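Undergrad: this is a predicted model, with the sequence first.
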Amino acid sequence: MIENALKLKNASYKTIFTVKTVISAAIIALAVILPQMAHFAVGAKAGVTLLPMYLPILLGSCLLGYKWGIVSAVLSPLTSFIITSLLNKSPMPTLERMPFMMAELAIFALVSGLFYKKIQNNAWFAFLAVISAQIAGRAFFAASAFIFNGLVSFTPSMVLAQIKTGYIGLIIQAILVPLMVMGIKKLLDKNTQK
């Protein structure tokens with residue numbers, strides 16, 4: 001969607017790349033900041049309940065496509081882990097959870113990003129993109145818990161409990177992300193018509 005708007009304005013490849021890089025950096029920054037804000041406002045359970053890191057990844061993937069979305073999805077938990085480890089010695093996510101979170105977020109980014117062209121033509125597809133990504137991502141998280149059962153400290157029953165607890169965050173994402181995408185598309189369409 002962003003790339004299409006820039007192409008309609010005859011932007012160069014370098015400009016398109018720069019804009020997408022800046023937006024990806026902003027997505028990663030949001031994915032690091034939102035969990036901190038959620039933990040500060042709601043408490044320790046905010047991450048599992050609200051899934052704040054997932055929202056910017058879904059938004060970025062809908063706006064930029066799956067390739068840029070996957071890069072943001074992988075770098076967000078890693079960046080958060082590094083920053084929180086340096087600042088307070090209590091990393092978010094934990095080292096053990098980080099690879100699973102990176103993989104789950106990458107699934108979210110892949111699935112929602114695959115709807116990129118559809119969303120470009122009709123922003124209502126963002127609803128389908130987000131819900132499909134949520135189902136695929138959470139299913140992947142559950143499956144990985146069963147596959148790696150005994151190798152990591154979180155058990156399949158713990159993961160299933162987390163998935164049940166996270167429905168609030170999923171509902172918020174399923175409403176907010178598509179509305180944000182629709183608003184951004186409206187602004188981009190208006191700007192490219194000038």
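TA: Good, I have the coordinates.

Undergrad: measure the residue most central in space within the chain to Ala103 for me?
TA: What sits nearest the mean C-alpha location of the chain, by CA atoms, centre = their mean, is Ile57, with 1.8 Å. For Ile57, the distance to Ala103 (CB to CB, to the nearest Å) stands at 12 Å. To be clear about C-beta, it is placed using only N, CA and C from the backbone, and glycine gets the same treatment.

Undergrad: point out where the protein drops to low pLDDT.
TA: Low-confidence segments of the chain, defined by pLDDT under 70: 194.

Undergrad: need the nearest residue in space to Ala129, chain neighbours excluded.
TA: Phe115 (3.5 Å; CB to CB, 6 or more residues apart in numbering).

Undergrad: count of neighbours near that neighbour?
TA: 22 (other CB atoms under 10 Å).

Undergrad: can you pull the contacts of it?
TA: Applying CB atoms under 8 Å, 6 or more residues apart in numbering to Phe115 gives the contacts Cys62, Phe125, Ala126, Leu128, Ala129, Ser132.

Undergrad: scan this structure for its longest helix.
TA: In the chain, assigned by DSSP state H, the helix with the most residues is helix 13-42.

Undergrad: what's it packed up against?
TA: helix 2-8, helix 46-50, helix 54-64, helix 66-88 (3 or more CB pairs under 8 Å, 6 or more residues apart in numbering; DSSP states H and E).

Undergrad: that one: how far from the chain's middle?
TA: Offset of helix 13-42 from its chain centre (CA atoms, centre = their mean, to the nearest Å): 10 Å.

Undergrad: now the phi/psi pair for Lys9, please.
TA: phi -90, psi 10 (degrees, to the nearest 10).

Undergrad: could you count how many residues lie near it?
TA: Using other CB under 10 Å, Lys9 is surrounded by 13 other residues.

Undergrad: and for Leu50?
TA: Neighbour count for Leu50, taken as other CB under 10 Å: 24.

Undergrad: ok, the one 10 residues further on next?
TA: Counted with other CB under 10 Å, the neighbours of Gly60 add up to 30.

Undergrad: I figured it hits Lys67, correct?
TA: No: the criterion here is CB atoms under 8 Å, and Gly60 misses it with Lys67 at 11.0 Å.

Undergrad: how much space is there between Leu179 and Ala123?
TA: On the measure of CB to CB, Leu179 and Ala123 end up 9 Å apart.

Undergrad: typo on my end, Val71
TA: Taken as CB to CB, the span from Val71 to Ala123 is 23 Å.
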